[in-house]
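> need coordinates for the below:
(2 chains)
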Amino acid sequence: MLKRLRDPWPDHRAERTLGAVSLLVGAAVVAMVAFVGVHAWPIFQHNGLSWLGPGGSIETEIANMGSSSQHPPASVYHLRAWPLVYGTLITTAIAVALGLVIAVFSSIFIVELAPARLRKVAIPVIRLLASVPSVIYGLIGILVLVPFVGNHIITAQQKASVQNVVELTGAGLAVTVVILTVMITPIMIALICEAFVSVPRSWREGAIALGVNPVRAVLAVTVRAARPAIVAAAVLATARALGEAIMISMVSGSRSFAPRPGDGITFFFEPLRTLASAIVDYHEGVSAPALGSALYAFAFLLLFSAFVLSVAGYLIKLPLRKYGVRG
Amino acid sequence: MATGPGRRSSLRSWRWSDRLALAFAWAAGLGLCAIATAIVVYMGYRGVQYLRPSLLFSRPSVSTTQSGSGGFLDPLLGTALLTLIGVVLAVPLAVGSAIWIAEYGQGGRGREYLARTVESSIEVVAGTPDIVIAIFGLAIFQLSLFAPLSFTASGGGVFGKSFIAAGAMMSLIALPPLFTATRDGLQAVPAHMREAAFALGKTRIATIRRVLLPSVRSNIAAGVTLGVSRIIGDTAIVVLLLGETLRFETQGGVPGLSMLRGTGSTLTSYVYDNSPAGEGAAPQKAYAAAVVLMVFVLALNLIVDRMGQSRGHATGLTAAGPVV
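I've put the predicted structure just below:
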């Protein structure tokens, strides 16, 4: 057999083998969507699309599902997962908005304003922040930030004002959003820096020659020219933020509660749960049919939103293509 | 105004919004450096406080006291085993697909269409959250078809959680960086090398084996390092697919296969379990394991840095970085 390996290989057979390998990889993706969809179907079948809506308490619904038998009646499949969807939406939206602003200004700093020595330090720093595992972010969050927020920032009146509904322990929206922003900003900085560097110098120098000060020149010329890359960075960061499960499960307080903006500042300290962190929190019950379907439904929603994101990113970049440097 | 050739205009002549933008840019850049320094310093401080060499070499054991509960040798070995399985499964798939797409993917409408489909599906995998990949792994490995790959309960339910299951999903995680690195490396090989080989009468597959693959060795190495750093840092797949037993629990009698079919833990799931979010209330052990994890990640980061430098890139952030 070794001799067969050492002899020259026939070309068409090698091509077909390699083609089969590639198709296997492609088939894995199709299988992923198919399996998750098939397992998620019972929830859609029993609830229609209203399982995304509000009403009822998720904790009781899931407890119901977890304690049911192998062939549960249809009422057990009742699910109204709006608090989870809402939690996912607000954490992602706030983190991406904050992160995009910070990323654009940090990229301006790295590419234009930083002295050479500081730039040599900043680039490994960004790469380090991007490669720290999410469980370590969660550990620092739950052992350092959560007690700090719980003991020093949340006042006793705030705790008393919501104590009939929910308990404020410091683990909640604020800490989640802060850590999520730190996690997704390096991704955006990398893409935006690459785009800034590829904008021709002469464009910016032309603006400066016309008397514009350097910062305004960067904002008016380089940032505008790099808009497709900024959109791409935002899409990538949103996909990352949507799928973050472990860190959020550690610092968000893990209560399926929809934080109420009407509470004022307390809104930022209320606990929440996202779709991804719900999958991690309830994963032990996946063999119960109803609970398993619910978890697969959450995963299907995440898959679907990742797909919608990449289509949306493509559509947003389309009109920008004529102005931008990088598509 | 103090302007002249080579002189920056004085700050006093700027608008307020521009001064604000300047201040904010400096604050953002320095703030991120400060956060990274704080993370490293704090983990170092906790590491010096809690990490003992005995923790690295003793196996975890169940006990009610901290001093009796042992170290994390099993999670450490679990990380190594899982990374090995993931890389061993990912390298043939990724390199094979990259070769097919770069070398055989041109020519003919049908073949181009297939090549673009495979590339898009790998991008879909790259963009999928790891929790979705983990739950897909559960869906697959709980089919009775795959019962021999894990534990089967007495009621007939397939457990679906084992090193093989987790390793297979880890290979899906490591596949996109490896594929992209290999494909870019192959596309960067100049055409005259291939043409010289063809002119000498070599078949396409022989050119690939003898000429192209050796020249993309460094790309493959960079891709493998990226994949390894993704595998080591991943927690969701481990928590869902590895059974989270503190020590290695083997299944069945065959020596090597029993460990692959069995359950265990890795550094990441050990940190998760010992933090207040998991069952344990042992933050000291969690910090110690987290420090070891950070050291591995930093070391991999440095290796990728060195590899990226030798190939050169505009800012060095995307070429070989774990970022994109």
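
> CA only for contacts and neighbour counts going forward, please
Noted.

> for stretch A:121-131, what is the average pLDDT?
Averaged across stretch A:121-131, pLDDT comes to 88.

> residues near residue 268, how many?
Because you didn't say which chain, this covers chain A. By other Cα atoms under 10 Å in any protein chain shown, 20 other residues sit near residue A:268.

> chain B, not that one
Neighbours around residue B:268, by other Cα under 10 Å: 27.

> you'd agree it is up against residue B:234?
Yes. Using Cα atoms under 8 Å, residue B:268 is in contact with residue B:234, at 7.1 Å.

> contacting residues for the residue in the stretch 201-324 of chain B that chain A sits nearest to?
Using Cα to the nearest Cα, residue B:233 is the residue of the stretch 201-324 of chain B that sits closest to chain A, at 4.6 Å. Listed by Cα atoms under 8 Å, 6 or more residues apart in numbering or on different chains, the contact partners of residue B:233 are A:132-135, B:268, B:293, B:297.

> mind checking which of those residues land in helices?
Judged by DSSP state H, helices contain the following of these: A:134-135, B:268, B:293, B:297.

> pLDDT weak spots in chain A?
For chain A, the stretches with pLDDT under 70 are A:321-327.

> center of it - which residue?
Among the residues of chain A, the one closest to the centroid is residue A:241, at 1.3 Å (Cα atoms, centre = their mean).

> my guess is it contacts residue A:182, does it?
No. In this structure, residue A:241 is not within contact of residue A:182 by Cα under 8 Å, at 10.7 Å.

> need the longest helix for chain A.
Longest helix of chain A, by residue count under DSSP H: helix A:11-47.

> now do that helix: distance to the chain's middle.
24 Å (Cα atoms, centre = their mean, to the nearest Å).

> and for stretch A:250-268?
Centre-to-centre, stretch A:250-268 and its host chain are 18 Å apart (Cα atoms, centre = their mean).

> would you mind measuring the gap between the ends of that stretch?
From its first residue to its last, stretch A:250-268 covers 17 Å (Cα to Cα, to the nearest Å).

> for the stretch 51-200 of chain B, what lies in contact range of chain A?
Contact residues (Cα under 8 Å from any Cα of the partner chain) of the stretch 51-200 of chain B with chain A: B:93, B:96-101, B:104, B:117-118, B:121-122, B:124-125, B:127-133, B:135-136, B:139-140.

> at 6 Å what do you get?
B:96-97, B:100, B:118, B:121, B:129, B:132, B:136 (Cα under 6 Å from any Cα of the partner chain).

> narrow these to those that are buried.
B:96-97, B:100, B:118, B:121, B:129, B:132, B:136 (16 or more other Cα atoms under 10 Å in any protein chain shown).

> nearest to residue A:208, out of those: which one, please.
The nearest member of these to residue A:208, counting by Cα to Cα, is residue B:129 at 43.5 Å.

> now that the closest one has come up, it's in contact with residue A:241, right?
No. Applying Cα atoms under 6 Å, one finds residue B:129 not in contact with residue A:241, separated by 9.0 Å.

> excluding its backbone neighbours, what's nearest the one residue sitting closest to the centre of chain B?
Centroid-nearest residue in chain B, with Cα atoms, centre = their mean: residue B:230, separated by 1.2 Å. Closest residue in space to residue B:230, ignoring its immediate chain neighbours: residue B:174 at 6.6 Å, by Cα to Cα, 6 or more residues apart in numbering or on different chains.

> in the helix or strand where that neighbour lies, which residues are buried?
Using DSSP states H and E, residue B:174 maps to helix B:163-188. By neighbour count on 16+ other Cα under 10 Å, the buried set for helix B:163-188 is B:163-183, B:185-186.

> any idea how far the helix or strand following it is from the middle of the chain?
The element immediately downstream of helix B:163-188 (helix or strand, assigned by DSSP H and E) is helix B:191-199. Put simply, helix B:191-199 sits 35 Å off its chain's centre (Cα atoms, centre = their mean).

> run through who's touching the helix or strand just after helix B:191-199.
Proceeding N to C from helix B:191-199, the next assigned helix or strand is helix B:204-207, under DSSP H and E. Helix B:204-207 is contacted by residues residue A:11 when judged by Cα atoms under 6 Å, 6 or more residues apart in numbering or on different chains.

> could you do stretch B:29-44 as well?
A:106, A:109.

> in it, what counts as buried?
B:29-30, B:32-33, B:36, B:39-40, B:43-44.

> quick one: the residue nearest to residue B:230 from residue B:130, how far?
Residue B:174 is 11 Å from residue B:130, by Cα to Cα.

> mind listing what residue 251 touches?
No chain in the question, so chain A it is. With the criterion set at Cα under 6 Å, 6+ apart, residue A:251 makes contact with A:142, A:171.

> right idea, wrong chain: chain B
Residue B:251 touches B:258, B:261-262, counting by Cα under 6 Å, 6+ apart.

> which of these sits closest to residue A:152?
The closest of the contacts of residue B:251, once distances to residue A:152 are taken by Cα to Cα, is residue B:262, at 45.3 Å.

> for the nearest residue to the closest one once chain neighbours are set aside, phi and psi?
In this structure, residue B:262 finds its nearest non-sequential neighbour in residue B:250, 4.3 Å apart by Cα to Cα, 6+ apart. Phi and psi for residue B:250, reported as degrees, to the nearest 10, are phi -90, psi 160.

> do the same with residue B:249
phi -110, psi 120.

> before we move on, the earlier item: surely the residue nearest to residue B:230 touches residue B:227?
Yes. Contact criterion Cα under 6 Å: residue B:174 and residue B:227 qualify, at 4.2 Å.

> what's the local residue count around residue 305?
Unless you meant another one, I'm taking chain A. 15.

> that's the other chain; I wanted chain B
By the measure other Cα under 10 Å, the count of residues near residue B:305 is 20.

> just residue A:242 next, same as before
23.

> quick one: contacts of the helix-or-strand element of chain B with minimal mean pLDDT?
Ranked by mean pLDDT, DSSP states H and E, the weakest helix or strand in chain B is helix B:255-261, scoring a mean of 75. Helix B:255-261 has contacts (Cα under 6 Å, 6+ apart) with B:149-150, B:162-164, B:250-252.
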